[in-house]
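In: Okay, sequence plus prediction incoming.
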Amino acid sequence: MEDLAREGLTGHYLGGGEITCCTLVKDDLFIAVKSHLMVYSTRNAALLHVQKLGSSEVTGLSPSPTNSQQLLVTSRDGTLSVWDMTDWTLMRTLTVGSSVSDLLVSRSNQHLFLVTRNSESGNVVTTIQKHCAATLEHKSDSLIIKKPCDNFRISSCGNFILFTRDTRVRVVNTCTCATFTRFTHDTDLCSVALHPTRNLAAVADVNGRICLLNDWNVKGCVEATVQHWHANQVGGMGFAPRSEVLFSGGAESVLVKWLDGQPQFLPRIGGGIQHVLCPESGDIVVLVTEDTALHIVSLNTWSVKFKLCNILKRSRKTQGKTRVTTDIACSKSDVLFSSTPGYLQVYDVEKREHKRVVDITNQNQSTGHVRNKTLSYIDITHFKLSDDGEWLVTVERRDDGFVTPENRLKFWRKQDTEYTMKTCVDPPHSKITTSLSLGITTEPTAVTTSTDCSVKVWGCGDYEDTWAQRQVLKHRHGPAYSSLISGDGSVVVVGYKGLVVLYGTASWDVKAEVPQSVGRLDQIFLSGYYLLTSSRDLISVWNLTSLSLCWEVSANISYILALPDKTFLAFVSRKSVTDAFLFGVKSAAPLAVHKFVCPGVVEGACLVGREDGSEMIVMLNSEHELYTLSHIVPPPLATSDREHQDTATIFTQLLKISAPPAALPELKHNSTATLASSVLNVSSNALPPVSAICANVLSDFLPPKVVHGN
């Protein structure tokens, strides 16, 4: 693991986030995810390169029309940069001054156009700037449009720019800066596609209608040919380069091929289609869906040839009245975290590749067309993975506020590389399940807490795959919100409202009670005979042998990660970034402070093993991006030298594609040493378990035991 006490730790991007723009460079797909660039081969679905392009969100990508080895990049911070794609060095940066929303480049023209937006007196002002592609010099006067406009596209010759404004299609002559209205529709327009070689345009409205415009760059209004199948807003469209075939897609997750006005369908793409890209080869179509997955469709077989996943976008943090899980767990180099509604995803942080998804609910499917409706899916609210990766426990819930909420507790066992459900409890509690913990006592054990004032203990026998309820614990303090099973399995800690209670697992009696100054705790930790509790704005450390408060610190804490060396890493959010503080239980003074480790808010973190036996810290932020905390930048993906002759060979020779990774062997559980021995660095037989210490020292202060058996 990295030396966390040494200054200079920073967060390095691994994957995930919102796709802001995409383009094709011959047979390679360029995807901008916030400020990072990811390059994929459309021929073999390989991730070829990952590059950070700056600190601001990327809004435009295009190869330079004057040099095929250079990439033009525009950003939200108002900059235009030029990158050398042979060695990925930044060659030049031009500051425009306003936020750049679109980059328009024509292959047959030596000019490029930047679309900027700013606000004047509360109104959005759109400006089109003309620049020389070779020198980036600003040419002539800018065209100012004092109204918001969208969907900017440039003709193949570079002499005309088409854009939409509400219900109208407007055209700009880039030579004279004259503008005219080409088409007026009865509904707001949302998507535009231009044919790469012909004067043919397609515009789509929010109701799913597609209007074809011939000779769109000729002055004067034109009648449109209307095609209609989509029931919802059309997300993306694209023309085949060598014919007038149009491809369209939207929220229905169906790719539609239009030939002479007749639709042909490819359903079940897997997510709402946002972008449709048609390469020059003409034998495939590339789709970008709302879950940030990439689908390569073969036109010869009319089927999905490859599905490329970096990190699938998580659903909203709440579905109806259900809060989606932000848990993260790991097994070797694989990280497990939330995905689209009802799914978990597995990501290999060493190889930086998406491996698979795990369907937990097996129910989130809808048929028909739903317009302007919010579906309340069954989603995962909690999950835990055992230390050996053998058991996965999940809690799922659906509550739309109208029908009886659904709650399920599921236990999964690993078989080869997949998890198979062994037990389903429906429902585990009569109300919301507020926390889930997993560990080893005398058997694999799980603990669930709920607002129904019960704490339930679940166990699995050594030679059984079936889990059953072992104990029901209740307390006079009512609802429970958090729980923990100690590393040696001798104690279960439960956080009630304003109180932490320690139960001995031998007889499930109360060993200690620790009052809290906050009503609800987010995380609980045991470190030797110290108890650490955390809420959103407070960290407290208690000495369990004297029930005394050691120290307390107020901070905007988003997550705390327990480390193997008996220290903790606290992630504290500050404006739009997160800082990390390394500390121990003996003192509130931090051992080390690491600034700007991750953008956004860190919602989860875990220790992931490397192939060389070392470990690294992986963070999951509020934007659903993965970052690793390290002193050095992760090594590049390229593994061999390559020669560059044209754009087509820049990325197809970046690396030798290896065979798919072999299935992971089944992992066996290794029992951990007791908490006392890990903290005091003595053998496991030298000290009694935590429960015995609590019982002997605190016996005079304990309340009457309250235990409810199964």
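Out: Great, that's in hand.

In: Buried ones in stretch 274-290, by neighbour count?
Out: 274-279, 284-290 (16 or more other Cβ atoms under 10 Å). Using the backbone N, CA and C atoms, a C-beta is placed for each residue, glycine as well.

In: min pLDDT across those residues, which one?
Out: On pLDDT alone, Glu290 ranks lowest of the buried residues of stretch 274-290, at 84.

In: quick revisit: okay if I get the buried residues of stretch 274-290 as CSV plus secondary structure?
Out: Listed next are those as CSV, based on DSSP: H, G, I helix; E, B strand; the rest coil:
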residue, secondary structure
Gln274, strand
His275, strand
Val276, strand
Leu277, strand
Cys278, coil
Pro279, coil
Ile284, strand
Val285, strand
Val286, strand
Leu287, strand
Val288, strand
Thr289, strand
Glu290, coil
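
In: So of those residues, which two are at opposite extremes in space?
Out: Pro279 and Glu290 (21.7 Å; Cβ to Cβ).

In: and the most centrally placed residue in the chain, what does it touch?
Out: With distances taken as Cα atoms, centre = their mean, His624 lies nearest the centre of the chain, 2.8 Å away. Applying Cβ atoms under 8 Å, 6 or more residues apart in numbering, we find His624 in contact with 16-17, 311, 313-314, 338.

In: Please list all residues in contact with Ser303.
Out: By Cβ under 8 Å, 6+ apart, the neighbours of Ser303 are 266, 297.

In: returning to that earlier point: which of the contacts of His624 scores worst on pLDDT?
Out: Arg314 (67).

In: where are the low-confidence patches of this structure?
Out: Within the chain, the ranges that satisfy pLDDT under 70 run 1-2, 120-122, 314-323, 363-376, 462-463, 631-710.

In: Show the residue spans covered by the helices in it.
Out: Per DSSP state H, the chain carries helices over the ranges 647-652, 675-680, 690-697.

In: got the residue ranges for the strands in the stretch 451-600 of the chain?
Out: Ranges of strands in the stretch 451-600 of the chain, per DSSP state E, counting those that start in this stretch, are 454-460, 467-474, 480-485, 491-496, 499-504, 510-515, 523-527, 530-535, 538-543, 548-554, 557-562, 568-574, 577-583, 592-599.

In: could you say what helices and strands the last one packs with?
Out: Read it as strand 592-599. Where contact means 3 or more Cβ pairs under 8 Å, 6 or more residues apart in numbering; DSSP states H and E, strand 592-599 is packed against strand 10-16, strand 577-583, strand 615-621, strand 625-630.

In: mind listing what the last one pairs with, with the direction of each?
Out: Right, the one you point to is strand 625-630. Partners of strand 625-630 in the sheet, by DSSP bridges, are strand 10-16 (antiparallel), strand 615-621 (antiparallel).

In: any chance of these in a markdown table, with distance to Tyr481 and mean neighbour count too?
Out: Shown next, in a markdown table, are the strands paired with strand 625-630 (distance: least, Cβ to Cβ, whole Å; neighbours: other Cβ atoms under 10 Å):
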| stretch | distance to Tyr481 | mean neighbour count |
| --- | --- | --- |
| strand 10-16 | 29 | 22 |
| strand 615-621 | 22 | 23 |
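
In: got a list of what the nearest residue to Trp542 once chain neighbours are set aside touches?
Out: Counting by Cβ to Cβ, 6 or more residues apart in numbering, Leu531 is the residue found nearest to Trp542 once chain neighbours are left out, at 4.3 Å. Each residue near Leu531 by Cβ under 8 Å, 6+ apart is listed here: 493, 500, 514, 524-525, 541-542, 544.

In: now swap in Leu212 and tell me
Out: Counted by Cβ under 8 Å, 6+ apart, Leu212 has contacts 200-202, 224-227, 246.

In: buried subset of those?
Out: 200-202, 224, 227, 246.

In: Out of the strands of the stretch 451-600 of the chain, which is the most enclosed?
Out: Most buried of the strands of the stretch 451-600 of the chain, by mean neighbour count (mean count of other Cβ atoms under 10 Å): strand 491-496, with a mean of 26.

In: any idea how far it is from the chain center?
Out: 31 Å (Cα atoms, centre = their mean, to the nearest Å).

In: Okay, now the sheet partners of it, with direction.
Out: strand 480-485 (antiparallel), strand 499-504 (antiparallel).

In: and the last one, C-alpha only, in CSV?
Out: Same thing as strand 499-504. Extracted in CSV, the C-alpha atoms of strand 499-504 (Å, rounded to 0.1, in the frame of the first residue of the first chain):
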residue,chain,number,x,y,z
LEU,A,499,-26.6,5.2,21.6
VAL,A,500,-24.1,2.5,20.6
VAL,A,501,-24.7,-1.0,22.1
LEU,A,502,-22.1,-3.8,22.1
TYR,A,503,-23.5,-7.4,22.1
GLY,A,504,-21.4,-10.5,22.8
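
In: Many thanks, have a good one.
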